[in-house]
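Trainee: coordinates for the following, if possible.
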Amino acid sequence: MQIGAVDLGAYPLLLAPMEDVTDQSFRLLCKRFGADLVYTEFVNSDGLIRGAASSIAKLNLLHAERPAAIQLYGQHLDAMVEATRMACEAHPDLIDLNFGCPVKKIAGRGAGAGMLRDIPLLLAITRDVIRVSTCPVTVKTRLGWDADSICIDTLAEQLQDLGVAALTIHGRTRAQMFTGSADWEAIARVKANPRLHIPIIGNGDITTAEGAAEAFSKYGVDAIMIGRATYGRPWIFRDIKHYLATGVLLPNPSIEERVAIAREHLQLSLQVKGVVRGIFELRRHLGCYFKGLPDFKPMRLSLLTEKDPAKLDELLREVARRYKDWQPSPREELNNPWS
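Mentor: The predicted structure is shown next:
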C-alpha cells in the first residue's frame with residue numbers, strides 16, 4: 001500500500017493515534033515490534049497556534065519512528081490551516097485529520113467526531129488543509145454521528161474528490177463510543193465502492209492475529225489500524241505479521257520477555273520525557289503488561305506508585321523473579337489464510 005510517496009508494503013499495520021498513549025516512547029517500541037506507520041497523539045490546532053508547549057512538543061519526530069503522521073484536530077478552519085503549516089515544518093510523512101475522536105471534551109465542542117454533525121465545515125477544513133500541506137493529507141473518521149445519520153459512503157467519495165490520500169474508518173458511530181461491535185461490513189462496503197481508489201484503512205476491534213487476517217482476507221481493506229489492543233501489548237504487531245506470513249500463532253510472551261519489554265519502555269519514557277513525566281505517563285501501560293498474573297494487585301499498586309526510576313526498575317525485576325514459574329496460556333496453530 002502506498003500513500004503519496006510513503007510505501008508501506010503489503011498488509012500494513014498501523015498504530016492508531018491515542019491521546020496519552022502514543023507518545024514517542026510507545027511509538028518507538030511499537031515500531032520495533034513491526035508497526036509500519038505510527039501516529040502522534042492528538043495535536044490541538046488551537047493550542048498549537050497559541051504556542052502551547054504541550055502541543056508543540058507533540059510535533060517532535062525522530063528518524064527511528066518514521067514513517068510517522070502528525071494528527072491534528074480542531075473545529076476552526078483558520079486554526080486548522082495555520083496548524084497544518086506549523087506541523088509541516090516538522091516534516092512529517094503525513095498529516096492526518098482527526099474527525100473521529102468520540103470523547104465529550106473533543107466531540108462535544110464540534111471537533112473530532114463532532115465534525116460529523118457539520119459535514120460542510122468538515123469538507124472545507126479538509127480542502128484548505130490539503131491546499132497548504134506540503135505532505136499527503138489523510139483522514140480518520142467514523143461511520144456517522146449516530147445510527148440515524150450514517151454518512152461514510154458519501155463522505156468517503158467527497159474526501160477523495162478533495163484530494164485526501166487515504167481514509168481510515170473506525171467501524172462505529174460517535175454515539176456508540178467504544179461499545180458494541182465495530183461494523184466491518186460497512187467498512188468493506190466503502191472499500192468495494194468502484195469510485196474509490198484511495199487506500200481504505202479499517203479500524204475497530206482488532207485484538208488478535210486471526211482478526212487482523214480476517215480484516216484483510218474477508219473485508220478487503222488495504223491496511224488495518226490497531227488502537228486499544230496495543231495497551232501493554234506492543235508485540236501485537238510482531239504476532240500479526242508472523243501469522244500473516246506463516247499461518248502459525250506465536251506463543252504468548254513469557255514473564256521474562258514481558259519484564260524486558262516493560263523495562264525497555266521505562267528507559268525510552270525516561271529519555272523522551274524525563275523522570276517525573278516519564279514515569280507518570282508510563283503508568284497506564286505498566287499494569288497492562290502483566291494482566292493475568294495471579295495475586296498481582298499489591299505488586300501492581302507498587303508499580304503504579306513508585307516515583308524513583310531505579311526502584312521502579314528493581315520492582316520490574318522482582319516481577320520476573322516472583323513469577324518465574326508462571327506460564328502464559330498457549331496458542332494453537334491455525335491454517336494460513338494466505339495459502
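
Trainee: residues touching R142, list them.
Mentor: R142 is in contact with F99, G100, P102, A113, L116, I152, I169, H170, G171, R172, T173, R174, counting by Cβ atoms under 8 Å, 6 or more residues apart in numbering. Placement of C-beta: from N, CA and C, glycine included.

Trainee: R228 versus the closest residue to Y323 other than its chain neighbours, what's the distance?
Mentor: Excluding its sequence neighbours, the residue lying closest to Y323 (Cβ to Cβ, 6 or more residues apart in numbering) is I255, at 4.8 Å. For I255, the distance to R228 equals 23 Å [Cβ to Cβ, to the nearest Å].

Trainee: show me what the longest strand along the chain is packed against.
Mentor: Looking across the chain with DSSP state E, the single longest strand is strand 37-44. Judged by 3 or more Cβ pairs under 8 Å, 6 or more residues apart in numbering; DSSP states H and E, strand 37-44 is in contact with strand 13-15, helix 24-32, strand 68-73, strand 94-99.

Trainee: between those, which gets nearest to L316?
Mentor: Closest to L316 of the helices and strands packed on strand 37-44, according to Cβ to Cβ: helix 24-32, at 14.8 Å.

Trainee: what comes up buried for stretch 123-136?
Mentor: Counting neighbours by 16 or more other Cβ atoms under 10 Å, one finds that the buried residues in stretch 123-136 are L123, I125, T126, R127, D128, V129, I130, S133, C135, P136.

Trainee: show me what that stretch is in contact with.
Mentor: Counting by Cβ under 8 Å, 6+ apart, 3-6, 72, 74, 77, 80-81, 84-85, 88, 91-95, 97, 115, 137, 139, 158-159, 162-166 sit against stretch 123-136.

Trainee: let's see it at 7 Å
Mentor: Residues outside stretch 123-136 that contact it (Cβ atoms under 7 Å, 6 or more residues apart in numbering): 3-4, 77, 80-81, 84-85, 88, 92-95, 97, 137, 139, 158-159, 162-165.

Trainee: quick one on the thing from earlier: as CSV, the helices and strands packed on strand 37-44 with mean pLDDT, mean neighbour count and distance to G232 would be great.
Mentor: What follows is those, written out as CSV (pLDDT from 0 to 100; neighbours: other Cβ atoms under 10 Å; distance: least, Cβ to Cβ, whole Å):
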stretch, mean pLDDT, mean neighbour count, distance to G232
strand 13-15, 98, 26, 14
helix 24-32, 96, 23, 10
strand 68-73, 98, 27, 22
strand 94-99, 98, 25, 24
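
Trainee: mind checking which of these is nearest K191?
Mentor: strand 13-15 (15.6 Å).

Trainee: distance from the closest one to the middle of the chain?
Mentor: Its chain's C-alpha centre and that of strand 13-15 lie 6 Å apart, by Cα atoms, centre = their mean, to the nearest Å.

Trainee: mind listing the strands that strand pairs with, and their directions?
Mentor: As defined by DSSP bridges, the strand partners of strand 13-15 come to strand 37-44 (parallel), strand 223-226 (parallel).

Trainee: tell me the first helix or strand C-terminal of the last one.
Mentor: With elements assigned by DSSP states H and E, the helix or strand that comes after strand 223-226 is helix 236-246.

Trainee: in that next one, what counts as buried?
Mentor: Residues I236, F237, R238, D239, I240, K241, Y243, L244 are the ones in helix 236-246 that count as buried (16+ other Cβ under 10 Å).

Trainee: so what touches the next helix or strand after the longest strand of the chain?
Mentor: Where DSSP H and E defines the elements, the next helix or strand beyond strand 37-44 is helix 45-50. If you take Cβ under 7 Å, 6+ apart as the criterion, helix 45-50 is touched by S54, S55, I56, L72, Y73, G74, H76, A79, M80, E82, A83, M86.

Trainee: 8 Å - rerun?
Mentor: Helix 45-50 is contacted from outside by 54-56, 59, 72-74, 76, 79-80, 82-83, 86-87, using Cβ under 8 Å, 6+ apart.

Trainee: what about that helix, average pLDDT?
Mentor: For helix 45-50, mean pLDDT is 97.

Trainee: how far is it from where the chain is centred?
Mentor: How far helix 45-50 lies from its chain's middle: 22 Å, per Cα atoms, centre = their mean.

Trainee: quick check: which helices or strands does the next helix or strand after it pack against?
Mentor: Where DSSP H and E defines the elements, the next helix or strand beyond helix 45-50 is helix 53-57. When contacts are defined as 3+ Cβ pairs under 8 Å, 6+ apart, helix 53-57 packs onto helix 45-50.
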